[in-house]
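Engineer: Quick one, structure for this:
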Amino acid sequence: MLNDPRSHGLWEKTAPQPPVTSALTGAVSADVVVVGGGYTGLSSSLHLAEAGSKVVLLEAAEIGFGGAGRNVGLINAGMWVMPDDLPGVLGPVYGERLLDLLGNAPRLVMELIDKHGIACELERNGTLHVAVGASGLKEIEDRARQWAARGAPVVLLDAAETVKRVGSSAYTGSLLDMRAGTLQPLAYARGLAHAAVKAGVSIHTSSPVIGTERKGNRWTIKTAKGEVTADWIIVATDAYSTGPWEAVRNEQVHLPYFNLATRPLSDNLRGSILAGREGVWDTKEILSSYRMDQAGRLVFGSVGALRNTGLGIHTAWAKRSLKKLFPQLGDVEFECEWYGKIGMTANALPRFHRFAPNVVGFSGYNGRGIAPGTVFGRTLAQLILGQTTEADLPLPLTAPSEPSFRAVKEMWYEAGAQLAHFADARF
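Structural biologist: Numbers count the residues shown, from 1 in each chain. Below you'll find the model as predicted:
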């Protein structure tokens with residue numbers, strides 16, 4: 001995509017092909033127009049079409065172009081916010097609803113993969129939130145206690161057990177969450193697209209929306225060469241939003257995040273590093289994450305953008321870090337490198353917006369796009385189908401609002417990550 005190997009990296013190299021699509025031309029009619037070909041848009045389209053709705057999906061670039069095709073591929077449960085803190089932020093009703101929905105969201109992802117036979121390297125062995133130092137251990141102890149009180153299948157592992165599972169002695173413990181897992185994120189998005197097309201969804205790529213018009217009780221959504229008339233619009237563009245719903249992008253601070261993939265490891269190395277194939281992320285403020293792909297490549301990532309001086313700084317840091325984490329690796333070379341944007345909201349929680357009559361969307365996944373995007377897509381479909389009401393949603397209705405000093409914060413995140421990785425030679 002973009003004729004740039006750093007836009008989608010390994011995932012584009014190894015994902016199955018997407019369904020054949022084309023740009024929208026001429027005038028068509030639908031029940032629902034979905035704008036955005038990521039997890040939320042594809043999930044909502046699929047669920048609507050399976051219920052009998054006529055759906056047109058408009059994607060500005062290609063399926064999985066935004067965060068769906070660039071991330072690490074961890075199917076995590078919940079959000080960054082501690083479980084016990086959510087009711088305090090959202091109130092007891094919305095807080096508990098969101099905890100329940102997102103805590104179980106990985107299950108829906110896996111059910112859809114099974115139902116539609118999506119080839120996306122799914123691993124169901126959980127994820128490990130690994131603790132760095134005493135403060136990190138305290139954090140995962142608190143998180144484990146709070147999720148366990150809600151009946152979640154989480155287990156706190158000591159340093160010795162963490163060494164066995166991870167293959168590194170860098171951590172003071174870890175939290176194993178058996179609800180979670182890993183997958184090939186672009187392959188999952190493309191698989192959802194195939195399932196949606198099979199269910200009757202008309203997908204048009206290279207079709208950015210340039211305007212909308214309300215005519216009576218219907219909307220006309222315009223692209224450069226066509227238009228769709230529909231009763232409903234789902235806005236599923238999130239951190240990569242442009243055009244009529246750029247307010248969604250503007251309410252989020254972009255945090256750059258990169259990934260680097262090694263060449264496939266030998267059988268001996270694969271037996272000593274993540275032998276259980278869990279996905280991993282740590283408790284550091286500038287966090288790191290890693291997991292294995294199906295071919296045995298170690299995918300390692302952190303905050304930062306692989307451009308300008310960042311390319312050399314982050315790559316050198318990653319090589320040094322992997323050598324410290326896993327001395328058995330020796331000197332590593334990377335086969336692929338790529339980066340994207342995580343949209344961070346002010347309270348690190350997603351948003352529900354009604355932009356106009358019958359124009360709705362969820363956004364702000366804060367680096368947790370796979371499971372939340374999938375389950376929120378289903379929730380939007382249920383709302384439009386009348387299977388739920390706005391009063392029963394897991395989030396309150398809010399209006400998009402731009403955070404203070406957004407542009408300054410984004411520049412600082414990119415520059416700060418470079419400074420930290422330049423200086424960081426320890427764990």
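Engineer: partners of Glu227 in the sheet?
Structural biologist: Ala27, Lys222 (DSSP bridges).
Engineer: What is the burial count for it?
Structural biologist: Glu227 has 21 neighbouring residues, counting by other C-beta atoms under 10 Å. (C-beta placed from N, C-alpha, C; glycine too.)
Engineer: That one touches Thr220, doesn't it?
Structural biologist: Yes: if you go by C-beta atoms under 8 Å, Glu227 and Thr220 touch, sitting 5.5 Å apart.
Engineer: tell me the contacts of Arg378?
Structural biologist: 43-44, 47, 108 (C-beta atoms under 8 Å, 6 or more residues apart in numbering).
Engineer: contact partners of stretch 379-389?
Structural biologist: 32, 40, 43-44, 47-48, 51, 53, 101, 232, 234, 236, 360-362, 390, 393-394.
Engineer: Can I have the buried ones of these as a ChimeraX selection?
Structural biologist: A single ChimeraX command selects the buried members of these (16 or more other C-beta atoms under 10 Å):
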select :32,40,43,44,47,48,53,101,232,234,236,360,361,362,393,394
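Engineer: Which of the contacts of stretch 379-389 fall in helices?
Structural biologist: Among the contacts of stretch 379-389, DSSP state H puts 40, 43-44, 47-48, 101 in helices.
Engineer: Format the residues you listed as TSV; extra columns: distance to Gly117 and pLDDT.
Structural biologist: Formatted as TSV, these follow (distance: C-beta to C-beta, whole Å; pLDDT from 0 to 100):
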residue	distance to Gly117	pLDDT
Thr40	22	98
Ser43	16	98
Ser44	20	98
His47	17	98
Leu48	21	98
Leu101	25	97
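Engineer: From those residues, pick the one nearest Gly216.
Structural biologist: Nearest to Gly216 among these is Leu48, at 21.7 Å by C-beta to C-beta.
Engineer: could you say which helix or strand contains the closest residue to the closest one other than its chain neighbours?
Structural biologist: Leaving aside its chain neighbours, Leu48 sits nearest to Ala381 (4.6 Å; criterion: C-beta to C-beta, 6 or more residues apart in numbering). Using DSSP states H and E, Ala381 sits within helix 370-384.
Engineer: could you dump that helix to CSV, C-alpha only?
Structural biologist: Coordinates of each C-alpha in helix 370-384 appear next as CSV, following Å, rounded to 0.1, in the frame of the first residue of the first chain:
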residue,chain,number,x,y,z
ILE,A,370,-8.9,-5.6,17.1
ALA,A,371,-11.4,-6.7,19.7
PRO,A,372,-13.1,-3.4,20.5
GLY,A,373,-13.4,-2.5,16.8
THR,A,374,-15.0,-5.9,16.1
VAL,A,375,-17.5,-5.8,19.0
PHE,A,376,-18.3,-2.1,18.5
GLY,A,377,-19.1,-2.8,14.9
ARG,A,378,-21.6,-5.5,15.9
THR,A,379,-23.1,-3.0,18.5
LEU,A,380,-23.6,-0.4,15.8
ALA,A,381,-25.4,-3.0,13.6
GLN,A,382,-27.6,-4.0,16.5
LEU,A,383,-28.5,-0.3,17.1
ILE,A,384,-29.5,0.2,13.5
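Engineer: That helix versus helix 39-50: what angle between them?
Structural biologist: Between the axes of helix 370-384 and helix 39-50, defined by axes from the mean of the first three to the mean of the last three C-alpha atoms, to 10 degrees, the angle is 40 degrees.
Engineer: Below-threshold pLDDT in the stretch 201-350 of the chain: ranges please.
Structural biologist: The stretch 201-350 of the chain contains no residues with pLDDT under 70.
Engineer: Which stretches in it count as helices?
Structural biologist: Counting by DSSP state H, counting those that start in this stretch, residue ranges of the helices within the stretch 201-350 of the chain are 246-250, 267-272, 309-325.
Engineer: For those helices, please prepare JSON lines with the additional fields distance to Asp4.
Structural biologist: Shown next, in JSON lines, are the helices of the stretch 201-350 of the chain (distance: least, C-beta to C-beta, whole Å):
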{"stretch": "helix 246-250", "distance to Asp4": "20"}
{"stretch": "helix 267-272", "distance to Asp4": "30"}
{"stretch": "helix 309-325", "distance to Asp4": "13"}
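Engineer: Nearest to Lys13, out of those helices?
Structural biologist: So among the helices of the stretch 201-350 of the chain, helix 309-325 is nearest, using C-beta to C-beta, at 17.9 Å.
Engineer: That closest one - contacts with which helices or strands?
Structural biologist: strand 253-262, strand 298-303, strand 334-344, helix 406-423 (3 or more C-beta pairs under 8 Å, 6 or more residues apart in numbering; DSSP states H and E).
Engineer: With distance to Ile118 added, can I get the ones you listed in TSV?
Structural biologist: As requested, these are exported to TSV (distance: least, C-beta to C-beta, whole Å):
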stretch	distance to Ile118
strand 253-262	21
strand 298-303	19
strand 334-344	21
helix 406-423	33
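Engineer: for these, which one sits closest to Ile273?
Structural biologist: Nearest of those (C-beta to C-beta): strand 298-303, 6.7 Å.
Engineer: Outside of that closest one itself, list whatever touches it.
Structural biologist: 10, 72-73, 255-262, 265, 273-274, 286-293, 314, 317-318, 321-322, 329, 332, 413, 417, 421.
Engineer: can you pull the contacts of Asp331?
Structural biologist: 319, 323.
Engineer: Give the buried residues for stretch 72-85.
Structural biologist: Applying 16+ other C-beta under 10 Å to stretch 72-85 flags 72-79, 81, 83-85 as buried.
Engineer: Which of those fall in strands?
Structural biologist: Using DSSP state E, the subset of these located in strands is 74-75.
Engineer: Looking at the buried residues of stretch 72-85, which two lie furthest apart in space?
Structural biologist: Gly73 and Asp84 (28.0 Å).
Engineer: just to revisit the earlier point, give me the buried subset of the contacts of strand 298-303.
Structural biologist: 10, 72-73, 255-262, 265, 273-274, 287-293, 314, 317-318, 321-322, 329, 332, 413, 417, 421.
Engineer: I figured Val304 was touching Gly310, is that so?
Structural biologist: Quick fix: residue 304 reads Gly, not Val. Yes: counting by C-beta under 8 Å, Gly304 does reach Gly310; the two are 5.4 Å apart.
Engineer: For those two, work out which one has more neighbours and name it.
Structural biologist: Gly304 (27 against 20).
Engineer: Geometric centre of the protein: which residue is closest?
Structural biologist: Gly369 (2.3 Å; C-alpha atoms, centre = their mean).
Engineer: quick one: that residue from Trp11, how far?
Structural biologist: 13 Å (C-beta to C-beta, to the nearest Å).
Engineer: Could you do Arg97 as well?
Structural biologist: Counting by C-beta to C-beta - Arg97 and Trp11 are separated by 32 Å.
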